[in-house]
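Undergrad: Have a look at this fold, sequence not included:
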Ligand code: HEM
């Protein structure tokens, strides 16, 4: 029966679009993430590393495929018009909430809901992501970056004038976690405080280790059914009991910290101690939760239950730092590999800060500084074009419709020609996969040098406007990333400050390797909740002025 339904689904999809083969693993489910670095192979549809290759092979920006298990028709799109259409029709193309259910273990949240529920969550969080919030993000980033540099200076002291080697991702995860926990949640800890691993009174773990342990155990948390927790507590099953209990411990530890933040903030709100600038996100969520407690009928409006408040706190802590840290790690590696581009960022930062990076947040304002760093912003955009934290997004089709796409041919040099518009019919119940990396590697929009790191692509000139619709690192339409401006503000501030203060270069063990080998090693990644760099070591040499 299964074989027959697979055959009839793949025959049906062949009639309407270019058929690229079966999907061995359902592409938006946990097994595809766990096995993603090995299987499917890069030449097959569904591979995380496929980029634009399958589209080029079948000469179409929209490809059909069918999941082997379940015979679900799935359309893959790497087309700017097609993706704009899909993201602009949120009632027809809805999030695959089933896939996110596993992440809703604390309760419902903004990322994992759809329809009216999603609107309610978004309404609560939205007002925090305004220009006042961005100014606060800038201020907090300046503070944290200065603390980071002080820490690097201690390491430098042991090395004399020699460059130091850092694990960029390790450091940047700390930096971005501090920024989101401060700017979003009013937890104004220092980098030094966060180095301590001793649990504070009443806690199971210190804050940072609790967040990293929870992240480290996220797949176990998602994959472990409730009954296994109970069983592993009663019977000692070798390895399984240890892993399951360790996971339970990490999530309990993090929950205690989040509840602490929430109750502290609730008390501040009641006492009227929260200023306008302070952690707007948590303030809005706590106020929505208090509105809910006062009036049960408020559920349809701007309100959040206790579970939803906790779950959103977790979601924002996670979404608000891992994505940025991974993207910044790729940016730092790219700047080490491309010294000419690094030089341009340095010159821009030097012009803004001739006497060095401001050491206090009050000496540097978001409004004044951010517009003066267009090249740094372009370099970050170009980084996440090549390395988008979220590689693909699945949408379930809720009404029969037609998606715009293109057919084309390419020559050996990678030039695209014979572009023809096509309309691809899609049926209710199918899945549409927005292929971010596929779109970002599509030469129709980015030219034959699509694989090159070239920030100039993101700078408008009199005769060129960069193709907005062909860039979806933050998704698009009403369901786009709520933290886009937050991420850009923080990242531009980190990159400009880092390059202004240090010269970044490839690590010593790769200095003699050919450029392509350096690139292969320094830019390799594995699929995870977000695209995760495998190795992020770089050398830093403090600049003399
Ligand atoms: C470079 C950094 C970032 C990238 C590339 C990124 C990318 C994305 C993408 C592609 C989505 C759509 C996901 C989906 O529909 O399932 C998204 C959604 C989201 N992002 Fe980001 N993000 C970044 C930083 C941030 C930051 C800093 C925050 C919070 C401060 C944040 C919070 C969220 C939230 C809450 C959503 C869900 C929005 C909704 O469904 O309405 N992100 N992000």
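TA: Thanks, I have the structure now. Note that the structure is predicted; figures quoted are calculated from it, not measured.

Undergrad: Identify the residue nearest residue 213 in space, chain neighbours excluded?
TA: residue 250 (3.6 Å; Cβ to Cβ, 6 or more residues apart in numbering). To be clear about C-beta, it is placed using only N, CA and C from the backbone, and glycine gets the same treatment.

Undergrad: wait, that neighbour sits on residue 206?
TA: No: taking contacts as Cβ atoms under 8 Å, residue 250 lies outside contact range of residue 206: 12.0 Å.

Undergrad: Who has more neighbours out of those two?
TA: Applying other Cβ atoms under 10 Å to residue 250 and residue 206 shows that residue 250 carries more neighbours, namely 24 against 19.

Undergrad: Compute the distance between the more buried one and residue 444, please.
TA: Remark: distance between residue 250 and residue 444 (Cβ to Cβ, to the nearest Å) = 45 Å.

Undergrad: For the closest residue to the ligand within the chain, which residues are in contact?
TA: Scanning the chain for the residue nearest the ligand gives residue 483, at 2.2 Å (criterion: Cβ to the nearest ligand atom). Counting by Cβ atoms under 8 Å, 6 or more residues apart in numbering, residue 483 touches 129, 316, 319, 320, 323.

Undergrad: can I get these in a markdown table with secondary structure, distance to residue 505 and neighbour count?
TA: Formatted as a markdown table, the contacts of residue 483 follow (DSSP: H, G, I helix; E, B strand; the rest coil; distance: Cβ to Cβ, whole Å; neighbours: other Cβ atoms under 10 Å):
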| residue | secondary structure | distance to residue 505 | neighbour count |
| --- | --- | --- | --- |
| 129 | coil | 36 | 20 |
| 316 | helix | 35 | 25 |
| 319 | helix | 32 | 22 |
| 320 | coil | 30 | 23 |
| 323 | helix | 26 | 23 |
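
Undergrad: Give the helix, strand or coil label for residue 402.
TA: What DSSP: H, G, I helix; E, B strand; the rest coil gives for residue 402 is strand.

Undergrad: wait, isn't it in contact with residue 425?
TA: Yes: judged on Cβ under 8 Å, residue 402 makes contact with residue 425 at a distance of 5.2 Å.

Undergrad: Could I get the full set of strands for the stretch 201-350 of the chain?
TA: Using DSSP state E, counting those that start in this stretch, no strands are found in the stretch 201-350 of the chain.

Undergrad: can you give me the helices for it?
TA: In the stretch 201-350 of the chain, the segments counted as helices under DSSP state H, counting those that start in this stretch are 207-216, 218-223, 226-234, 240-271, 280-294, 306-319, 322-337, 339-352.

Undergrad: looking at those, which is buried most?
TA: Of all the helices of the stretch 201-350 of the chain, helix 322-337 has the most neighbours on average by mean count of other Cβ atoms under 10 Å, namely a mean of 25.

Undergrad: what residues does the stretch 101-250 of the chain put near the ligand?
TA: 110, 111, 122, 180, 184 (Cβ under 6 Å from any ligand atom).

Undergrad: try 8 Å
TA: Neighbours of the ligand within the stretch 101-250 of the chain, by Cβ under 8 Å from any ligand atom: 109-111, 113, 118, 121-122, 125, 129, 176, 180, 183-184.

Undergrad: Generate the PyMOL command that creates a selection of the buried members of the residues you listed.
TA: Remark: buried members of those, expressed as a PyMOL selection using 16 or more other Cβ atoms under 10 Å:
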select buried, resi 109+110+111+113+118+121+125+129+176+180+183+184
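
Undergrad: Which of the residues of the stretch 101-250 of the chain next to the ligand fall in helices?
TA: Those of those mapping onto helices are 118, 121, 122, 125, 176, 180, 183, per DSSP state H.

Undergrad: tell me the least confident of those?
TA: Ranked by pLDDT, these bottom out at residue 183 (89).

Undergrad: Next one: it from residue 264, what distance?
TA: Note on residue 183: its distance to residue 264, by Cβ to Cβ, is 16 Å.

Undergrad: and what of residue 131?
TA: Remark: distance between residue 131 and residue 264 (Cβ to Cβ) = 26 Å.

Undergrad: and what of residue 111?
TA: Taking Cβ to Cβ, one finds residue 111 at 24 Å from residue 264.

Undergrad: Please give me every residue in contact with the most centrally placed residue in the chain.
TA: In the chain, the centroid-proximal residue (Cα atoms, centre = their mean) is residue 323; its distance is 3.1 Å. By Cβ under 8 Å, 6+ apart, the contact set of residue 323 is 389, 390, 483, 487, 530.

Undergrad: Please apply the same query to residue 190.
TA: If you count contacts by Cβ under 8 Å, 6+ apart, residue 190 has them with 147, 178.

Undergrad: what does residue 182 give?
TA: Residue 182 is in contact with 140, 143, 144, 188, 189, 279, counting by Cβ under 8 Å, 6+ apart.

Undergrad: if we can go back for a sec, want to throw the helices of the stretch 201-350 of the chain into CSV with mean pLDDT?
TA: Shown next, in CSV, are those (pLDDT from 0 to 100):
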stretch, mean pLDDT
helix 207-216, 90
helix 218-223, 83
helix 226-234, 83
helix 240-271, 90
helix 280-294, 84
helix 306-319, 92
helix 322-337, 97
helix 339-352, 98
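
Undergrad: export these to JSON lines and tack on distance to residue 71?
TA: Shown next, in JSON lines, are those (distance: least, Cβ to Cβ, whole Å):
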{"stretch": "helix 207-216", "distance to residue 71": "35"}
{"stretch": "helix 218-223", "distance to residue 71": "24"}
{"stretch": "helix 226-234", "distance to residue 71": "30"}
{"stretch": "helix 240-271", "distance to residue 71": "33"}
{"stretch": "helix 280-294", "distance to residue 71": "41"}
{"stretch": "helix 306-319", "distance to residue 71": "32"}
{"stretch": "helix 322-337", "distance to residue 71": "33"}
{"stretch": "helix 339-352", "distance to residue 71": "47"}
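
Undergrad: who wins for proximity to residue 407 among these?
TA: Residue 407 lies closest to helix 322-337 among those, at 32.2 Å (Cβ to Cβ).

Undergrad: And the helices in the stretch 51-200 of the chain, which stretches?
TA: Using DSSP H, counting those that start in this stretch, helices in the stretch 51-200 of the chain cover 53-58, 80-87, 97-101, 115-125, 131-159, 168-183.

Undergrad: Just name the most buried of those helices.
TA: Among the helices of the stretch 51-200 of the chain, helix 168-183 has the highest mean neighbour count (mean count of other Cβ under 10 Å), at a mean of 24.

Undergrad: what stretches of this protein score poorly on pLDDT?
TA: Applying pLDDT under 70 to the chain flags the ranges 274-279, 295-301.

Undergrad: List the residues that contact residue 373.
TA: Contacts for residue 373 were tallied using Cβ under 8 Å, 6+ apart; they are 348, 349, 352, 492, 496.

Undergrad: wait, residue 108 sits on residue 116?
TA: No: Residue 108 lies out of contact with residue 116 (Cβ under 8 Å); the separation is 11.7 Å.
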